[in-house]
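A.B. asks: here is my input, please return the structure:
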Amino acid sequence: MAVSEVVSAEKDNGLKTFKGDFVYVADAAVLQIGNEIYSVRLDKETEELAEMAKPAKKTDFDLVPVVIKGTVEPKPKNTEGWDNIITIKEIVSVSDTALPTDIKIEETKK
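C.D. replies: Sure thing, here's the model as predicted:
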């Protein structure tokens, strides 16, 4: 599921289904969909998704595959973050395992 995509757009309510890799740290959340990265609006639904993804993570920075429904719009002007922001309206599924990490950073004592 590392390469993900916008799965569908539902005509009746304007929601899109997104399949991607989610990470939430401190005061930021992102969803990586293929080569695209989206900011995720920080709200109750995002906090709920972060809690659901927590058991799959070994480190704070692990990406967890998810499927969500929501809306996407350009980020507000004069704000930090990626060009587009997703607002989660429904959590469809959350993987019980994080993606394997490509790079491992270890601290050594001197």
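A.B. asks: on the three-state scheme, Asp62 is what?
C.D. replies: Counting by DSSP: H, G, I helix; E, B strand; the rest coil, the backbone at Asp62 sits in coil.
A.B. asks: burial of the spatially closest residue to it that is not a sequence neighbour, as a residue count?
C.D. replies: Excluding its sequence neighbours, the residue lying closest to Asp62 (Cβ to Cβ, 6 or more residues apart in numbering) is Ala98, at 3.7 Å. (C-beta placed from N, C-alpha, C; glycine too.) When neighbours are counted by other Cβ atoms under 10 Å, Ala98 registers 20.
A.B. asks: check Gln32 too.
C.D. replies: When neighbours are defined as other Cβ under 10 Å, Gln32 has 19 of them.
A.B. asks: so what's it up against?
C.D. replies: Residues in contact with Gln32 (Cβ atoms under 8 Å, 6 or more residues apart in numbering) are 4, 20-23, 38, 63.
A.B. asks: ditto for Ser93
C.D. replies: 66-67.
A.B. asks: quick check, it in a strand?
C.D. replies: Yes. Ser93 forms part of a strand when assessed by three-state DSSP.
A.B. asks: that older thread, and the contacts of Gln32, which is closest to Gly70?
C.D. replies: Among those, Tyr38 lies closest to Gly70 (Cβ to Cβ), at 9.7 Å.
A.B. asks: show me the contact partners of the strand or helix carrying that closest one.
C.D. replies: Element membership of Tyr38, judged by DSSP states H and E, is strand 36-40. Residues outside strand 36-40 that contact it (Cβ under 8 Å, 6+ apart): 18, 20, 22, 24, 28-32, 46, 72, 75, 81-82, 84-88.
A.B. asks: buried members of those into PyMOL, please.
C.D. replies: A single PyMOL command selects the buried members of those (16 or more other Cβ atoms under 10 Å):
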select buried, resi 18+20+22+24+29+30+31+32+46+81+82+85+86+88
